[in-house]
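A.B. asks: only the shape, not the letters, is given here:
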């Protein structure tokens, strides 16, 4: 079982930047991809970005493409989400997740989840 712990959330001004990190422990050899999801109050959890653990290929939701960047450090077992030009709709609890396969954007593809980190945006 993989344990995930997010960090880096907080309050950011609209137009500003924030960097989230996800530390993975007890990582399984079957891990194929890592993803970031977010959930705002009263809304469904939605896919933000994903990365292939082996080759580093990335996938982004249209709403964040060009502003957010997902990256990995295999030696440190961490996945990061650099958030630039943050806007009020980006405010949510952000979750890191681990998957052995399946569509990046489908939360059912992910078997391990972190507790989440809150991102708030001031306008």
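C.D. replies: That came in fine, so what should we check first? All figures in this text were calculated on a predicted structure; none of them were measured in a lab.
A.B. asks: and residue 44, how close does it get to residue 26?
C.D. replies: In this view, residue 44 and residue 26 are 29 Å apart by Cβ to Cβ, to the nearest Å. Yep, even glycine has a C-beta here, placed from its N, CA and C like the rest.
A.B. asks: quick one, phi psi at the closest residue to residue 85 other than its chain neighbours?
C.D. replies: The spatially closest residue to residue 85, leaving aside those adjacent along the chain, is residue 67, at 4.8 Å (Cβ to Cβ, 6 or more residues apart in numbering). Main-chain dihedrals, residue 67, degrees, to the nearest 10: phi -120, psi -40.
A.B. asks: one more: residue 44?
C.D. replies: phi -70, psi 150.
A.B. asks: tell me where the protein has strands.
C.D. replies: 3-7, 10-13, 18-25, 33-39, 46-52, 58-60, 68-73, 78-83, 92-99, 110-113, 117-122 (DSSP state E).
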